[in-house]
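> coordinates for the following, if possible.
(chains A and B)
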Amino acid sequence: KAGVTQTPRYLIKTRGQQVTLSCSPISGHRSVSWYQQTPGQGLQFLFEYFSETQRNKGNFPGRFSGRQFSNSRSEMNVSTLELGDSALYLCASSLDGEIDTQYFGPGTRLTVL
Amino acid sequence: AQSVTQPDIHITVSEGASLELRCNYSYGATPYLFWYVQSPGQGLQLLLKYFSGDTLVQGIKGFEAEFKRSQSSFNLRKPSVHWSDAAEYFCAVGALLGGRRALTFGSGTRLQVQP
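Next comes the predicted model:
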């Protein structure tokens, strides 16, 4: 069974632009969670989607948003990029959203110039 | 609010030596505790977890961790380290957020293994 895939793996943007990252969960998994990893703030929970609905949300500004499609694939969007948004963005999938059964993808490395 | 502290940013051990990575948590209720490993360019892999029951938990790759409620600790151990264990290790607590559990991570400990 294929693991969690994230595209693209690397991305370079400039301040003020917007970006969309994609996550394809493991087949059959209906929950996708997103995390931001930076050297300064570490790993932080962004949000969780389940059956196309946002079910939980971390403490991030409204510039960070996401959605989930009927096939469980998820996208996250960051608008009006800031330098501080440079990070590794990880997604994790699970069958039903239980945190002890999450499988993480390799991440998308976003660099904002 | 919940928090996780990993006091050691970087640890170097010799191959074959024993290892202990420290983790302290702050959480008002019964914690769900995890250890993850992240190799360069990779996502996170779950090593082990503790929800309840036996306080000594066995995980993959020969790792174990012990939950000590009195010390609010969940330290990770391995009796003999292999060069392939070099990676970054994250302790996490599954705390309630908006009615559901979400992971709060420590800042990580980078492990270097000397030959």
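> paired strands for the helix or strand of chain B with the lowest mean pLDDT, with orientation please.
Every helix and strand in chain B was compared by mean pLDDT, DSSP states H and E; the lowest is strand B:100-105, with a mean of 86. Neighbouring strands of strand B:100-105 in its sheet, by DSSP bridges, are strand B:87-97 (antiparallel).
> hmm, who's touching the strand it pairs with?
By C-beta atoms under 8 Å, 6 or more residues apart in numbering or on different chains, the residues outside strand B:87-97 that reach it are A:43, A:45, A:56, A:58, A:99-100, B:2, B:4, B:6, B:21, B:23, B:25, B:27, B:29, B:31-40, B:44, B:47, B:74, B:76, B:101-106, B:108-111. The C-beta positions use only the backbone N, C-alpha and C, and glycine is treated the same way.
> what's the answer for stretch A:43-51, then?
By C-beta under 8 Å, 6+ apart, the residues outside stretch A:43-51 that reach it are A:30-38, A:54-60, A:64, A:66-68, A:74, A:76, A:89-90, A:96-97, B:90, B:92, B:97, B:100, B:102-105, B:108.
> identify the residues contacting B:Ile9.
Listed by C-beta under 8 Å, 6+ apart, the contact partners of B:Ile9 are B:Ser107, B:Gly108, B:Thr109, B:Arg110.
> quick check: residues of chain A near chain B?
Contact residues, chain A versus chain B (C-beta under 8 Å from any C-beta of the partner chain): A:4, A:33, A:35, A:42-45, A:48, A:55-58, A:90, A:92, A:97-100, A:102, A:104-107.
> which among those residues count as buried?
Using 16 or more other C-beta atoms under 10 Å in any protein chain shown as the burial test, those include A:4, A:33, A:35, A:42-45, A:48, A:55-58, A:90, A:92, A:97, A:99, A:102, A:104-107 as buried.
> do you know how far A:Glu98 is from B:Gln45?
17 Å (C-beta to C-beta, to the nearest Å).
> and A:Gln54, by the same measure?
26 Å.
> spell out which residues of chain B are next to chain A.
B:32, B:34, B:36, B:41-46, B:49, B:51, B:90, B:92, B:94, B:97-108.
> now do the contacts for the residue nearest to A:Gln102 when sequence neighbours are not counted.
Nearest residue to A:Gln102 in three dimensions, chain neighbours excluded: A:Ala92, at 4.0 Å (C-beta to C-beta, 6 or more residues apart in numbering or on different chains). A:Ala92 is in contact with A:Val4, A:Val32, A:Ser33, A:Trp34, A:Tyr35, A:Gln102, A:Tyr103, A:Phe104, A:Gly105, B:Gly43, B:Leu44, counting by C-beta under 8 Å, 6+ apart.
> pLDDT weak spots in chain A?
For chain A, the stretches with pLDDT under 70 are A:1.
> ranges for the strands of it?
A:5-7, A:10-13, A:19-24, A:31-38, A:42-50, A:53-57, A:64-68, A:74-78, A:87-94, A:103-104, A:108-112 (DSSP state E).
> of these, which approaches B:Gly16 most closely?
strand A:103-104 (29.4 Å; C-beta to C-beta).
> the most centrally placed residue in chain A and chain B: what is the separation?
The centroid of chain A falls nearest to A:Trp34 when counting by C-alpha atoms, centre = their mean (3.5 Å). Shown here: A:Trp34 relative to chain B, a distance of 11 Å by C-beta to the nearest C-beta, to the nearest Å.
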